[in-house]
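[1] Generate coordinates for the sequence data below:
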Amino acid sequence: MRGQHYDYISKKEYDCKKSEQFSISSSQNNSFQLKHTHLSIRVNPESRNITGSVVYRLNLLVPTSKIWVDLNDTLTCDGVISSVPIRAYRASQHQIEIEWPAPVQGNIQLQIDYHGTVVNTPGFGSYVTAFHDSVPILWTLSQPYGARDWWPSFQTLGYKSDTTVIDITCPTMNSRGDSQTAVSNGLLVSKVHRPDTTSRFIYQTNFKTAPYLIAIAVTNFKQANDTLRTTQGPLLNETFYYPEDTLFYQRRLENLQGFFDVFENLFGPYPFHAEKHGHTQWGRGGGMEHQTNSFVVDMGFGLISHELAHQWFGDLVTCASWSDIWLNEGFASYLTGLCYERLLNGYWYPIWKKGELARVSALDSGSVFVPDTSSVSRIFSSRLTYSKGAMILHQLRWEMGDTAFFLALKNYINDPQLRFSFSKTDDLIGYFNRASGKNWDGYFDDWLYGQGVPLYSVQFQQRGSKVISRFVQSTTHSSVSLFEQKLKIRWYNESKTDSVDQVVEIRQNDQSFEFMAPFVVASAVIDPDFLSIQRTLKVEPVYSDVPVVYPNPMRDQFEIAWAPPTATEGQVRVYNALGQVVLQQTWPSAKAIHEVNMRTFESGNYFLEVVFGNFRWTRTLVKY
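    Numbers count the residues shown, from 1 in each chain. A predicted model of the protein is given here:
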């Protein structure tokens, strides 16, 4: 279901991002700090021409003779100015190579001027000129490799600019006569309408920002400013929307305050409170978590919770490699689930869990960890990066318990070494290990780096109140021979009017367990509460050579469990202490469980007889 309160956001965002043109960076830079970025660009939604310059202030941490800046070959580098004179620069293979005559170290400034026509990339691309209601619009999306398509950038993961200025000049009005607004990250610090019929919008953010999270959009936006309640006080919430889309405007705050309350309670204060939170409408399916200003197609529950979650998991703490993209997308997907759990009376939470787990187990291969980051569609795999990434967190929560699980996540996202920086999966695992006092390396080896899902065949046999269950696990992929996990099983009587839960720890491929059931067990459901990744092949009884009667002693009724040995009907008789038949019933051969009601009988000892052809079996009954 993809309704107002439930949509598969991972699918929507995946469809949005998978169409990005592949253009991976091969940066060979030595270590440096990106202290400041000032991007100045002149754009027009009715043209794909762009002119601009970027000024970088860098702190070179080691002696450096060359540095590489990413820029698509379809754009022309007009020149490079350095505070330390350079020997030469060369633009080729989607990079600008800048060389000094001798190694330099410490603080330097670089200015790169460029211009050109931004090429159309496959799908929607990283720089889009389109229309809404016949009105021109421009927007950008740089994840994962698209930043260089429209500005000279250090797009390799590992760099965040301490401060960033985005200086946008665009026509004041479009050709239809509509006034235009440019939007970007951070706060608008200056807006000037010039005599030459252009307008200049200057945005600045003083929070460390990865280049792929920088974005611009230009059209005839309407703007709505609201105030959100946060743990740090009032927060500016900006919404830029199309004039014709009143629904977008009307829904701009729907559920948003609840999302903030959930995330701040679990993970700490909103990271960018000193600036803003914002949404900008665009014409692309899904959304993108541009820092402080997510671009979204609508204000649906799943999409908005997902993009807000990224402000913590993705923007504040960013994956250090696209191989670990699940640290961004798996987390944001799971945080949407947490919102379904804690909001809307929890109604959609089991539906969300069931849908995600079904998607994870739909196919037999593929790891959450991305071994080939040259494939953008593989990086943003809906099933693996989003759904399975979310569900290995969800399953781990069930394994660890809420207290340790959420303590680990809160400590992780608030680690001073990771905040406004980058992380790897090993960083996260360390926090799970410390919070629980248990080593989870093997869990991630199987579920994150391994492929496939476990398959279960279960047999059970009952003797009195004791039930023996046998679990046989196989796997869908040879990379994992055994998935160790905790499983809940719900056992039912034949009419499913009574049930009992059993929790088992799977540590072998073939394992047996015992539990007590106050009724004759007829069937079972593995993972009834949608806590675990698994696929059930079968659950079937293994009947004894003789009938099993339960309960005995009994109050009102009892059940007989057995696989009748013949295809003919049998007889069930109950005798009193005098040997008189006081109850007689027919037992159809197709039924494995037969119920006998003795509610109206007096307490005392009785004699049970079961007859099928030449087979005759007896047992003493006690009614109390």
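[2] from here on, contacts and neighbour counts on C-alpha atoms
    Fine.
[3] measure stretch 211-221 end to end?
    This stretch, stretch 211-221, spans 24 Å end to end (C-alpha to C-alpha, to the nearest Å).
[4] Stretch 383-396 now?
    Note: stretch 383-396 ends 18 Å apart using C-alpha to C-alpha.
[5] what about it, distance to the chain center?
    How far stretch 383-396 lies from its chain's middle: 6 Å, per C-alpha atoms, centre = their mean, to the nearest Å.
[6] just use 295 as the starting number from now, easier for me
    Right, with 295 as the first residue, what we last looked at is stretch 677-690.
[7] At which residues are the strands of the stretch 295-444 of the chain located?
    Secondary structure of the stretch 295-444 of the chain (DSSP state E, counting those that start in this stretch): strands located at 326-338, 341-364, 369-376, 382-386, 389-411, 421-426, 429-434.
[8] now the longest one against strand 421-426, angle please.
    Orientation of strand 341-364 against strand 421-426 (axes from the mean of the first three to the mean of the last three C-alpha atoms, to 10 degrees) gives an angle of 150 degrees.
[9] thinking again about what came up before, now render the strands of the stretch 295-444 of the chain as CSV, adding mean neighbour count, mean pLDDT and distance to F542.
    Below are the strands of the stretch 295-444 of the chain laid out as CSV (neighbours: other C-alpha atoms under 10 Å; pLDDT from 0 to 100; distance: least, C-alpha to C-alpha, whole Å):
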stretch, mean neighbour count, mean pLDDT, distance to F542
strand 326-338, 20, 97, 25
strand 341-364, 19, 97, 27
strand 369-376, 17, 97, 36
strand 382-386, 15, 90, 43
strand 389-411, 17, 97, 32
strand 421-426, 19, 96, 14
strand 429-434, 22, 98, 17
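[10] will you turn these into JSON lines that also has distance to V868?
    JSON lines is the format used below for these (distance: least, C-alpha to C-alpha, whole Å):
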{"stretch": "strand 326-338", "distance to V868": "88"}
{"stretch": "strand 341-364", "distance to V868": "88"}
{"stretch": "strand 369-376", "distance to V868": "93"}
{"stretch": "strand 382-386", "distance to V868": "93"}
{"stretch": "strand 389-411", "distance to V868": "90"}
{"stretch": "strand 421-426", "distance to V868": "80"}
{"stretch": "strand 429-434", "distance to V868": "81"}
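[11] Kindly state which of the ones you listed is positioned closest to Y725.
    Within the strands of the stretch 295-444 of the chain, the stretch nearest Y725 is strand 326-338; the backing value is 26.9 Å (C-alpha to C-alpha).
[12] what's the angle between the closest one and strand 429-434?
    Computed by the same axes, to 10 degrees, the angle between strand 326-338 and strand 429-434 is 170 degrees.
[13] Can you tell me what sits against strand 326-338?
    Under the contact criterion C-alpha atoms under 8 Å, 6 or more residues apart in numbering, strand 326-338 has outside partners 343-356, 432, 453-465, 512.
[14] What segments of the stretch 445-594 of the chain are strands?
    457-465, 475-477, 481-487, 492-499, 511-513, 516-524, 527-535, 571-575, 581-582, 588-590.
[15] Against which helices or strands is the fourth one packed?
    Meaning strand 492-499. Judged by 3 or more C-alpha pairs under 8 Å, 6 or more residues apart in numbering; DSSP states H and E, strand 492-499 is in contact with strand 457-465, strand 475-477, strand 481-487.
[16] Equivalent analysis for the second one, please.
    Contact partners of strand 475-477 among helices and strands, from 3+ C-alpha pairs under 8 Å, 6+ apart: strand 492-499, strand 511-513.
[17] One more pass at 6 Å, please.
    When contacts are defined as 3 or more C-alpha pairs under 6 Å, 6 or more residues apart in numbering; DSSP states H and E, strand 475-477 sits against strand 511-513.
[18] about what we covered before: mean neighbour count for the helices and strands packed on strand 492-499 - can I get that in TSV?
    Compiled in TSV, these are given as follows (neighbours: other C-alpha atoms under 10 Å):
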stretch	mean neighbour count
strand 457-465	24
strand 475-477	24
strand 481-487	15
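[19] Can you check which of those gets nearest to Y643?
    For the helices and strands packed on strand 492-499, the distance to Y643 is smallest for strand 475-477, at 34.8 Å, taking C-alpha to C-alpha.
[20] which helix in this structure runs the most residues?
    Among the segments of the chain that qualify as a helix by DSSP state H, the longest is helix 620-636.
[21] outside of the following helix or strand past that helix, which residues touch it?
    For helix 620-636, the following helix or strand on the C-terminal side (DSSP states H and E) is helix 643-654. Helix 643-654 is contacted from outside by 634-635, 677, 681-682, 824, using C-alpha atoms under 6 Å, 6 or more residues apart in numbering.
[22] What is the most widely separated pair among the residues you listed?
    E635 and R677 (21.0 Å).
[23] Between these two, which is the more surrounded one?
    With neighbours defined as other C-alpha atoms under 10 Å, E635 and R677 compare such that R677 has more, 25 against 17.
[24] Now do the SS call for that one.
    helix (DSSP: H, G, I helix; E, B strand; the rest coil).
[25] As a check, name the ranges of all strands in the stretch 795-918 of the chain.
    Along the stretch 795-918 of the chain, the segments classed as strands by DSSP E, counting those that start in this stretch run 804-810, 817-820, 829-835, 842-844, 851-855, 864-869, 875-881, 887-891, 898-906, 909-917.
[26] nearest to T368, of those?
    T368 lies closest to strand 829-835 among these, at 49.1 Å (C-alpha to C-alpha).
[27] what's the domain layout of this structure?
    Domain segmentation of the chain under automatic domain parsing yields 325-514, 538-745, 748-835, 842-917.
[28] quick one: the spatially most central residue of the chain from T574, how far?
    By C-alpha atoms, centre = their mean, the chain has its centre lying nearest to S627, at 2.5 Å. Separation of S627 from T574 (C-alpha to C-alpha) stands at 20 Å.
[29] one step back: now the strands of the stretch 445-594 of the chain in JSON lines, please, with extra columns for mean pLDDT and distance to W734.
    Formatted as JSON lines, these follow (pLDDT from 0 to 100; distance: least, C-alpha to C-alpha, whole Å):
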{"stretch": "strand 457-465", "mean pLDDT": "98", "distance to W734": "37"}
{"stretch": "strand 475-477", "mean pLDDT": "98", "distance to W734": "43"}
{"stretch": "strand 481-487", "mean pLDDT": "97", "distance to W734": "42"}
{"stretch": "strand 492-499", "mean pLDDT": "98", "distance to W734": "38"}
{"stretch": "strand 511-513", "mean pLDDT": "98", "distance to W734": "43"}
{"stretch": "strand 516-524", "mean pLDDT": "97", "distance to W734": "34"}
{"stretch": "strand 527-535", "mean pLDDT": "98", "distance to W734": "38"}
{"stretch": "strand 571-575", "mean pLDDT": "98", "distance to W734": "35"}
{"stretch": "strand 581-582", "mean pLDDT": "97", "distance to W734": "31"}
{"stretch": "strand 588-590", "mean pLDDT": "98", "distance to W734": "34"}
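[30] Adding distance to L333, write those strands out as a markdown table.
    Output for these, formatted as a markdown table (distance: least, C-alpha to C-alpha, whole Å):
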| stretch | distance to L333 |
| --- | --- |
| strand 457-465 | 5 |
| strand 475-477 | 14 |
| strand 481-487 | 14 |
| strand 492-499 | 10 |
| strand 511-513 | 14 |
| strand 516-524 | 24 |
| strand 527-535 | 22 |
| strand 571-575 | 20 |
| strand 581-582 | 20 |
| strand 588-590 | 19 |
